[in-house]
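Novice: Have a look; sequence and predicted model below, questions after that.
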Amino acid sequence: MIAPYREMVSVAQRLAEACSVPVAVAEGNLAQGVDVARDAVNRGARVVVSRGGTALLITQAPDVCIPVVTIPFTSEELVRAVHRATRLSKTIGIIRFANTLRPDVHTLSHIFNSKIIDIPIESEEEAPRRIAEAAADGARAFVGGVTGVTYAEELGYPAILIESCSDSLSMALSEAVNVVTKTAGLQRRVQLLRRALDLVTDGIIVADSDSRVLEVSRAAEKAMGIQRHSAVGRTVDHLLKEGAPANRWAVHDSDRLGSILVLSRNGPLAKQGSHAPTASSTFADIVGSSKCIRECIRVASRYAQSDFNVLITGETGTGKELFAQSIHNASPRRAGPFVVVNCAALPESLLESELFGYASGAFTGASKSGKVGLFAQAHGGTIFLDEVSAMPISVQQRFLRVLETRAVRPIGDDRVFDVDVRVIAATNRDIRSLVASGAFLPDLFYRLDVLNLNLPPLRDRRGDIPEIAQRMLTEFGSAAPQSPRGFTEAALAILQAYDWPGNVRELRNVVQRLVVCSESECVSASEVANALGIANHLPRPIEEAGDADPDPATRNLKLSAREAELESILRVLDECGGSRTLAARRLGISRVTLWRKLRAYVSDSTR
């Protein structure tokens, strides 16, 4: 509820406390009230209640797309104000906005034995002129809302405010509650559609049949340097003229209901305005406390503060993109785009055009509007070249030229565009051997390998596996109430003993499988073995190790010597918090011997 004067705020707040739905009360008149309404809509309001000119302006505001309930001037309120005004003059003007109830001036004139003049206005700007006209007709006192009273007094005439009583406010609130109830489903659908619009990377403008803007996506706001509330209601032509330079607009749909205009991502780099892709991960998302992973994070954090190219190496699934995103988000370029290119996923015929873009009509099948390349889209930010070793020699040569000149020339274009891009490349192959065999350009390798980061495989940081697995289990199981909440120590020992050729990516798949298939609160060793496909090869009693019968002496009676040894290793590892060094010391064997014994069970089963 937006009240145009302070006394009305107090009455409204008392009524709001007794209302069946949450009601926020704020003071605001005319344009100020419209700003309050916009803020309320952004905070989730489903209906606005106000009166007079403020309600009229809110209704007319094209960017306040929720119902507006107008508080009426009741007969009692009007009569009370006119009665007070008759003590000041026998000719009285009732100045009101046109959306309020038209008064019965004939009856009022008869009741008070006075001349009553009705003065409807459509806007605040009309008020001084209409008051002057009524004064020329003999009016020497006025009644009305805040706007009418304010202007009358400025012109030197006494004025009486028509005050809203609790009855009229209560009626308006009751109507608003009914509106909320009846339109709840429709408003949820509108909010969902608006969110969907904001997720689209291309800028979108929706206009009505008169070419007046109804909706503007966030990408369009950023591309053109405009704000939704100032754009809605204006014509598309005015918006495009006054907005920042952007790519050409294409009408994707147009009929008697209106049109949908899309800000294409294609076009010259200088006019690029599309919503830039971003990196979501930071160093805080990297799980693990092992020495090797902590050292990688330390080194990568140092790299983030520079602007030199980075080459990340490591086996598949070790988290190369995770580190690339973290470096970007810790760098001075964090506000810029983060563009990912999988060099192995794109065929050679497309990779060059995707990287560097092309001009209109550059080749058969090319888009008529041309295309901005991924390198240009990363302008001001970072481009991440995953599996860079898969890049064909022909593309490597052009890419090397871009790194040397810091400029891009789209295919078939005679123009060259300067680009400001940091390159982070990654590969799971021995790129030095590719250089030696002639499959990778030496000059390009040296350009990329300024800062080098080698990520360890999961088998070299087995102590991190319990923490990583538990984090994944919590993440994937949050949406499934019956999913397991943890692992038994025997289960964790199996996870740690496994070699994980697919590294963290493979571990993620196994944990997802366990979330779906596990039937217990804590994942058991047998369930892990089943998920890894090695259940038939493990010693049978490993299912109970750490999961049942807490008496070690009783269990050992049931186990063979080899199986008892395995259980003893599992128990000691548990007591030592997964530390290989401490566990080996407790067992009186070397660290290498301990893991040779434990891994023998898992390794033999995977052959």
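Specialist: Yep, it's here.
Novice: Only C-alpha atoms from now on, for both contacts and neighbour counts.
Specialist: Fine.
Novice: Helices of the stretch 51-200 of the chain, residue ranges please.
Specialist: 52-60, 75-85, 105-112, 127-136, 146-154, 166-199 (DSSP state H, counting those that start in this stretch).
Novice: List the buried residues for the longest one?
Specialist: Of the residues in helix 166-199, 168-170, 172-173, 175-177, 179-180, 187, 197-198 count as buried by neighbour count, 16 or more other CA atoms under 10 Å.
Novice: what do you get for the shortest one?
Specialist: Of the residues in helix 105-112, those with enough neighbours to count as buried (16+ other CA under 10 Å) are 105, 108-109.
Novice: try the second one
Specialist: If you call a residue buried by 16+ other CA under 10 Å, then helix 75-85 has these buried ones: 77-79, 81-82, 85.
Novice: biggest separation within the residues you listed, which pair?
Specialist: 77 and 85 (12.6 Å; CA to CA).
Novice: Poorly predicted segments of the stretch 351-500 of the chain, please.
Specialist: 360-370, 479-481 (pLDDT under 70).
Novice: Now flag whichever of the buried residues of helix 105-112 is closest to residue 55.
Specialist: Distance to residue 55, by CA to CA, is smallest for residue 105 among the buried residues of helix 105-112, at 23.5 Å.
Novice: Grab the nearest non-local neighbour of that closest one.
Specialist: Excluding its sequence neighbours, the residue lying closest to residue 105 (CA to CA, 6 or more residues apart in numbering) is residue 116, at 5.6 Å.
Novice: In the beta-sheet assignment, what are the partners of that neighbour?
Specialist: residue 92 (DSSP bridges).
Novice: circling back: can you tell me which member of the buried residues of helix 166-199 has the lowest pLDDT score?
Specialist: Lowest pLDDT within those is found at residue 187 (70).
Novice: gap between residue 129 and residue 304?
Specialist: 65 Å (CA to CA, to the nearest Å).
Novice: of those two, who's got more company?
Specialist: Between residue 129 and residue 304, counted using other CA atoms under 10 Å, residue 304 has the larger neighbour count: 20 against 12.
Novice: shouldn't that one be in contact with residue 331?
Specialist: Yes: using CA atoms under 8 Å, residue 304 is in contact with residue 331, at 4.7 Å.
Novice: ok, residue 59 - contacts?
Specialist: Each residue near residue 59 by CA atoms under 8 Å, 6 or more residues apart in numbering is listed here: 67-68.
Novice: How about residue 474, nearest residue that isn't a chain neighbour?
Specialist: Using CA to CA, 6+ apart, the closest residue to residue 474 is residue 485 (6.8 Å).
Novice: count of neighbours near the one you found?
Specialist: By other CA under 10 Å, neighbour count at residue 485 equals 16.
Novice: returning to that earlier point: I figured the residue nearest to residue 105 was touching residue 91, is that so?
Specialist: Yes: taking contacts as CA under 8 Å, residue 116 lies within contact range of residue 91: 6.0 Å.
Novice: between those two, who's got more neighbours?
Specialist: Relative neighbour count places residue 116 above the other of residue 116 and residue 91, with 24 against 21, counting by other CA under 10 Å.
Novice: now that one: how far from residue 86?
Specialist: Distance of residue 116 to residue 86, given as CA to CA: 10 Å.
Novice: which neighbours do the two share?
Specialist: Common neighbours of residue 116 and residue 86 (CA under 8 Å, 6+ apart) are residue 92.
Novice: hang on, the earlier thing: any idea which of the buried residues of helix 75-85 is closest to residue 467?
Specialist: Looking across these and measuring by CA to CA, the closest to residue 467 is residue 77, at 69.7 Å.
Novice: give the contact list for the closest one.
Specialist: Going by CA under 8 Å, 6+ apart, the list of residues near residue 77 reads 162-165.
Novice: Weed out the non-buried ones from those residues.
Specialist: 162-164.
Novice: Can you find the helix or strand in this structure with the smallest mean pLDDT?
Specialist: Taking mean pLDDT, DSSP states H and E as the measure, the helix or strand of the chain with the lowest value is helix 552-558, at a mean of 43.
Novice: which element is residue 233 on?
Specialist: In the assignment (DSSP states H and E), residue 233 maps to no helix and no strand.
Novice: From residue 4, how far out is the residue nearest to the spatial centre of the chain?
Specialist: Nearest to the geometric centre of the chain sits residue 199, at 7.8 Å (CA atoms, centre = their mean). Using CA to CA, residue 199 is found at 37 Å from residue 4.
Novice: can you list the domain ranges for the chain.
Specialist: 2-72+168-179, 75-163, 200-264, 283-456, 459-605 (automatic domain parsing).
Novice: Would you mind putting those domains into CSV with distance to residue 277 alongside?
Specialist: As requested, these are arranged in CSV below (distance: least, CA to CA, whole Å):
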stretch, distance to residue 277
domain 2-72+168-179, 25
domain 75-163, 45
domain 200-264, 8
domain 283-456, 5
domain 459-605, 23
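Novice: Flag whichever of these has the least confidence on average.
Specialist: The bottom spot among the domains of the chain, by mean pLDDT, belongs to domain 200-264, with a mean of 70.
Novice: just checking, residue 428 touches residue 386?
Specialist: No: between residue 428 and residue 386 there is no contact under CA under 8 Å: 9.2 Å.
Novice: Of those two, give the one with the bigger neighbour count.
Specialist: A direct count of neighbours by other CA under 10 Å for residue 428 and residue 386 places residue 386 higher, at 24 against 19.
Novice: what is that one paired to in the beta sheet?
Specialist: Note on residue 386: beta-bridge partners by DSSP bridges are residue 342.
Novice: dump the residue contacts of it.
Specialist: 321, 340-344, 425-427.
Novice: which parts of stretch 143-163 are buried?
Specialist: So for stretch 143-163, counting by 16+ other CA under 10 Å, buried means 143-152, 157-163.
Novice: quick one: the closest residue to residue 218 other than its chain neighbours and residue 225, what's the gap?
Specialist: Closest residue to residue 218 apart from its sequence neighbours, by CA to CA, 6+ apart: residue 198 at 5.4 Å. Distance, residue 198 to residue 225, using CA to CA: 16 Å.
Novice: quick one on the thing from earlier: now for the residue nearest to residue 474: which residues touch it?
Specialist: Applying CA under 8 Å, 6+ apart, we find residue 485 in contact with 473-474, 477, 521-523.
Novice: Please identify which helix or strand holds the closest residue to residue 309 other than its chain neighbours.
Specialist: Closest residue to residue 309 apart from its sequence neighbours, by CA to CA, 6+ apart: residue 423 at 5.0 Å. When elements are assigned from DSSP H and E, residue 423 belongs to strand 422-427.
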